[in-house]
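>>> following is a predicted model, sequence given first.
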Amino acid sequence: MNKKFAFTVKSIRFDEDYNPSESTRITTNFANLARGEKRQENLRNALVMIDNRFNSLAHWDNPKGDRYCVELEIISVELKIDAEDNSDTFPVIEILKTNIVDKKTNERIDGIVGNNFSSYVRDYDFSVLLSAHNKGKNQFTLPDNFGELHGNIFKHFVNSDSYKSNFTKTPVICLSVSSKNIYNRTGNVHPVLGIEYQQDESSLTDHYFSKMGLQVRYFMPANSVAPLAFYFSGDLLSDYTNLELISTISTMETFQKIYRPEIYNANSAAGICYQPSLNQQDYSLTRIVYDREERSHLAIEQGKFTEDNFIKPYQTILEQWTANSVL
């Protein structure tokens with residue numbers, strides 16, 4: 001990597017006492033839970049949901065369904081930029097690391113890093129750049145090199161010494177399926193990930209994450225009601241253990257039940273041919289408070305913050321770096 005750029009990795013535990021740091025994107029899923037009068041109750045209930053879901057999937061040698069608990073770390077990544085003898089840092093990536101505690105053996109097992117994915121630059125790309133590019137147009141198009149800078153930042157981070165000294169496996173990002181696409185069941189069933197689905201066409205998120213070097217597969221685990229999108233490099237089915245995969249499913253399905261209850265807490269499961277909808281009404285709510293409209297509004301504010309404090313001040317050096325990057 002160019003010597004002008006370097007990554008710093010910081011970690012903070014995500015538990016019922018968690019308070020977001022000043023550099024955390026306030027639209028981040030876990031940061032939203034930690035705000036307001038019910039913040040501690042929100043956090044406690046979400047963590048219980050994660051543990052219960054983990055034990056329901058890791059059911060072997062687990063007769064009481066209480067053998068495991070999941071501990072979460074928020075991984076914050078800062079990019080240091082050396083330009084004209086000035087050294088500045090900007091928060092570029094925030095992800096989650098799962099850790100599994102086996103209460104039967106008193107063993108602490110590494111989970112998967114990635115899971116939730118948060119990025120100021122992505123806010124800029126989608127809420128500022130993409131919006132401005134299509135303003136007044138009759139047909140939706142993508143700007144030239146859309147997602148290239150963000151993709152390079154992510155790929156360089158995963159290939160950096162900072163990443164390799166902290167994590168042993170490549171990230172898996174787990175997101176909601178797109179309400180714009182149709183998903184069809186295949187005959188493939190994984191013992192942990194569940195029923196595989198395939199979509200009719202690639203989504204904008206797929207395009208964006210491909211710039212990060214990630215491909216996608218869709219699986220609906222046992223007793224789930226909708227498939228999850230798993231973004232990864234390498235081989236999702238053989239690179240990770242069953243417990244590692246379960247830690248991601250239990251964590252991210254819980255977040256999706258809170259943030260996308262119309263899809264992930266629906267009262268009926270996805271069929272053979274499935275199109276998610278945020279407008280359907282047959283779903284249940286969790287006991288966790290969340291303001292989705294506020295989150296959308298804040299994404300625009302944070303995109304503009306990124307433009308003013310990262311994109312514009314370092315535009316030339318970032319463009320040169322992106323143009324010369326080969327991974």
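Here it is on my side, so go on.

>>> secondary structure class for residue 246?
Assigned by DSSP: H, G, I helix; E, B strand; the rest coil, the conformation of residue 246 is helix.

>>> quick check: it touching residue 192?
Yes - the pair residue 246 / residue 192 is scored as a contact, 5.9 Å apart, by CB atoms under 8 Å. For glycine as for every other residue, the C-beta is placed from the backbone atoms N, C-alpha and C.

>>> ok, these two, which is more surrounded?
Residue environment comparison for residue 246 versus residue 192 gives the larger neighbour count to residue 246, 26 against 19, counting by other CB atoms under 10 Å.

>>> ok so, going back, can you list residues touching both of residue 246 and residue 192?
Common contacts of residue 246 and residue 192 (CB atoms under 8 Å, 6 or more residues apart in numbering): residue 57.

>>> relative to residue 168, how far out is residue 280?
Noted for residue 280: a distance of 41 Å to residue 168, by CB to CB, to the nearest Å.

>>> give me the more crowded residue out of these two.
Under the neighbour definition other CB under 10 Å, residue 280 and residue 168 were set side by side, and residue 280 has more, 13 against 7.

>>> secondary structure class for the more buried one?
Under the three-state scheme (three-state DSSP), residue 280 adopts coil.

>>> one more: residue 94?
Three-state secondary structure (criterion: three-state DSSP) places residue 94 in strand.

>>> burial measure for it, as a count.
The local packing of residue 94 (other CB under 10 Å) involves 23 other residues.

>>> partner residues bridging it?
On DSSP bridges, the residues paired with residue 94 through beta bridges are residue 76, residue 118.

>>> that one against residue 114, yeah?
No - using CB under 8 Å, residue 94 is not in contact with residue 114; the gap is 11.0 Å.

>>> where along the stretch 201-327 of the chain do the strands fall?
If you assign secondary structure with DSSP state E, counting those that start in this stretch, the strands in the stretch 201-327 of the chain sit at 215-220, 228-232, 273-274.

>>> can I get those strands in a markdown table with mean neighbour count, mean pLDDT and distance to residue 82?
Output for these, formatted as a markdown table (neighbours: other CB atoms under 10 Å; pLDDT from 0 to 100; distance: least, CB to CB, whole Å):
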| stretch | mean neighbour count | mean pLDDT | distance to residue 82 |
| --- | --- | --- | --- |
| strand 215-220 | 20 | 98 | 33 |
| strand 228-232 | 23 | 98 | 31 |
| strand 273-274 | 16 | 96 | 49 |
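
>>> closest to residue 153 out of those?
Of all the strands of the stretch 201-327 of the chain, the one in closest proximity to residue 153, counting by CB to CB, is strand 228-232 (15.6 Å).

>>> and that closest one, what does it pack onto?
Counting contacts by 3 or more CB pairs under 8 Å, 6 or more residues apart in numbering; DSSP states H and E, strand 228-232 is packed against strand 172-176, strand 215-220, helix 242-259.

>>> partner strands of it and their direction?
Sheet partners assigned to strand 228-232 using DSSP bridges are listed as strand 172-176 (antiparallel), strand 215-220 (antiparallel).

>>> I'd like these laid out as a markdown table, including distance to residue 75.
A markdown table is the format used below for the strands paired with strand 228-232 (distance: least, CB to CB, whole Å):
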| stretch | distance to residue 75 |
| --- | --- |
| strand 172-176 | 12 |
| strand 215-220 | 21 |
